[in-house]
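Colleague: What follows is a protein structure lacking sequence information:
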């Protein structure tokens, strides 16, 4: 997956008056914003968790749970904490404004609102949200290659394992190590080594599927998380990535250099052990070392304790249900 | 008690209202929802009057609060003004006569609203 920060444009209005929803929609739609609405605080929180808006316009005078309480809960919930809140207030008293801002709101607009002011305040909040999104993503990116970094991959591995466990879906992990990278660095210099890593990264990103999470895992090692993917499909993807790396040429001053990579593939379905991140990483690592031992530039699969050389041929895996003898 | 600037409680006779038009009826982003808002006003007036007759002050206050927040946004600053005056009378627990007076003033104004394009 190619990380990019989209423009924040989804606004959630939580106000008990439908008239206010319609008004906000009419005033913000010309700005190219998508406006969704809830008339109740509880449902507003649920909607915010589910739809991840970029901004919440929150009425203070909500029935049942009031706006202050809704804001407090939004700021407490990990899934909504980062979403800016602008209070819509009918009363312009200082106490309410201060209380709202102290609860974590970024701004307030008094009703009835002036449309020009509303738009300007919404724009300002969304600008800040975009910077926040960029910062958050930067902390998850690898500086040299632009791929996700190890910290992000570890987080995603943990959360995707939970998804896999809950819904009984397979999750595959591929570890990739550039062959003889130390020699490349020694022979052509570190700058050239960096160019090689960038080239390999570009190839992985280009030939992985959109849903795959491609990361630089350290030094010359990469990791790819393949959601909802069984061992067989992960093998196909890995073969494609391996041959794309093999066919890539790097130009040093006077010569053309070929670089290859070794691959290790593991899938949750083929793990005898419990579904822990360490177990999946260890299995993929064992498969990767089998590829190195077998002479590099190849793909090995970990399958219930056995390491199998992929030939790119599905027959090598036996039947897909895994019941057949190895 | 402090007299309200917009509607002194001593005023008994209400003059006939001129028709009221939305400040935004020529705004193409707004025309459709202003029309909807204006069309829904008779239902709101009926609710206001029935809550008033039944002495349901909490419900009356909620309606006043909503009209205060929406009126100006739909191009009817008078609605916001009168609804605010009614809401504050209810909040301060003013006597029934004052509340009735302000509620009637609000309803009269709502009745004078002209549906754009109608």
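Modeller: Alright, I've got the coordinates. Note that the structure is predicted; figures quoted are calculated from it, not measured.

Colleague: in the strand or helix carrying residue B:44, what's buried?
Modeller: If you go by DSSP states H and E, residue B:44 is part of helix B:31-54. Neighbour-count burial for helix B:31-54, counted by 16 or more other Cβ atoms under 10 Å in any protein chain shown, picks out B:31, B:33-35, B:37-38, B:41, B:44-45, B:48, B:51-52. Using the backbone N, CA and C atoms, a C-beta is placed for each residue, glycine as well.

Colleague: what's next to it, contact-wise?
Modeller: Residues outside helix B:31-54 that contact it (Cβ atoms under 8 Å, 6 or more residues apart in numbering or on different chains): A:19, A:22-23, A:25-26, B:22, B:24-25, B:57, B:59-60, B:63, B:67, B:70, B:74-75, B:99-100, B:103, B:106-107, B:110-111, B:113-118.

Colleague: What pLDDT is listed against the residue in the stretch 101-250 of chain A that chain B sits nearest to?
Modeller: Residue of the stretch 101-250 of chain A nearest chain B, by Cβ to the nearest Cβ: residue A:112 (2.9 Å). With respect to pLDDT, residue A:112 has a value of 85.

Colleague: Same check on residue B:7?
Modeller: pLDDT, read off for residue B:7, is 52.

Colleague: Show me where the chain has its helices.
Modeller: No chain was given, so I picked chain A. A:18-28, A:41-51, A:67-76, A:94-102, A:115-138, A:150-167, A:181-188, A:190-207, A:231-246, A:277-293 (DSSP state H).

Colleague: wrong chain, I was asking about chain B
Modeller: Using DSSP H, helices in chain B cover B:31-54, B:57-71, B:77-91, B:96-111.

Colleague: Including distance to residue A:295 and mean pLDDT, could these go into TSV?
Modeller: Shown next, in TSV, are the helices of chain B (distance: least, Cβ to Cβ, whole Å; pLDDT from 0 to 100):
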stretch	distance to residue A:295	mean pLDDT
helix B:31-54	71	94
helix B:57-71	74	92
helix B:77-91	80	94
helix B:96-111	86	94
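
Colleague: Chain neighbours aside, what residue packs nearest to the residue nearest the centre of chain B?
Modeller: Centroid-nearest residue in chain B: residue B:106, 3.5 Å away (criterion: Cα atoms, centre = their mean). Once flanking residues are discounted, residue B:106 sits nearest to residue B:82: 4.3 Å by Cβ to Cβ, 6 or more residues apart in numbering or on different chains.

Colleague: now do residue A:180
Modeller: Nearest non-adjacent residue to residue A:180 (Cβ to Cβ, 6+ apart): residue A:296, at 7.5 Å.

Colleague: Enumerate every residue touching the one you found.
Modeller: Counting by Cβ under 8 Å, 6+ apart, residue A:296 has contacts A:179-180, A:260, A:262.

Colleague: Can you turn the buried part of the residues you listed into a PyMOL selection?
Modeller: To isolate the buried ones among those in PyMOL, judged by 16+ other Cβ under 10 Å, type:
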select buried, chain A and resi 179+260+262
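
Colleague: so which of the contacts of residue A:296 would you say is closest to residue A:36?
Modeller: Of all these, residue A:262 has the smallest distance to residue A:36: 47.9 Å, by Cβ to Cβ.

Colleague: didn't that closest one look like it was pressed against residue A:297?
Modeller: Yes - Residue A:262 is within contact range of residue A:297, at 6.5 Å (criterion: Cβ atoms under 8 Å).

Colleague: So for the two, which residues contact both of them?
Modeller: residue A:179.

Colleague: Give the closest residue to the one residue in chain B that gets nearest to chain A in space, chain neighbours not counted.
Modeller: Across chain B, the shortest distance to chain A (Cβ to the nearest Cβ) belongs to residue B:72, at 2.9 Å. In this structure, residue B:72 finds its nearest non-sequential neighbour in residue A:112, 2.9 Å apart by Cβ to Cβ, 6+ apart.

Colleague: okay, now that neighbour: neighbour count?
Modeller: 24 (other Cβ atoms under 10 Å in any protein chain shown).

Colleague: which ones are touching it?
Modeller: Here residue A:112 is in contact with B:68-73, B:77, B:80 (Cβ under 8 Å, 6+ apart).

Colleague: Which members of those residues define the maximum pairwise distance?
Modeller: Longest span within the contacts of residue A:112, Cβ to Cβ: B:69 and B:77, 12.5 Å.

Colleague: more neighbours, the two?
Modeller: residue B:69 (28 against 14).

Colleague: residues contacting the residue lying closest to that one once chain neighbours are set aside?
Modeller: Leaving aside its sequence neighbours, residue B:69 sits nearest to residue A:111 (Cβ to Cβ, 6+ apart; 3.8 Å). Applying Cβ under 8 Å, 6+ apart to residue A:111 gives the contacts A:20, A:88-90, B:68-70, B:72-73.

Colleague: Now render the residues you listed as CSV, adding distance to residue A:153.
Modeller: As requested, the contacts of residue A:111 are exported to CSV (distance: Cβ to Cβ, whole Å):
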residue, distance to residue A:153
A:20, 43
A:88, 40
A:89, 43
A:90, 48
B:68, 52
B:69, 48
B:70, 49
B:72, 52
B:73, 48
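
Colleague: Which one of those residues is nearest to residue A:160?
Modeller: residue A:88 (37.8 Å).

Colleague: how near is the nearest residue to residue A:133 once chain neighbours are set aside to residue A:139?
Modeller: Spatial nearest neighbour of residue A:133, chain neighbours left out: residue A:5 (5.1 Å); criterion: Cβ to Cβ, 6+ apart. Counting by Cβ to Cβ, to the nearest Å, the separation of residue A:5 from residue A:139 is 12 Å.

Colleague: beta partners for residue A:178?
Modeller: residue A:261 (DSSP bridges).
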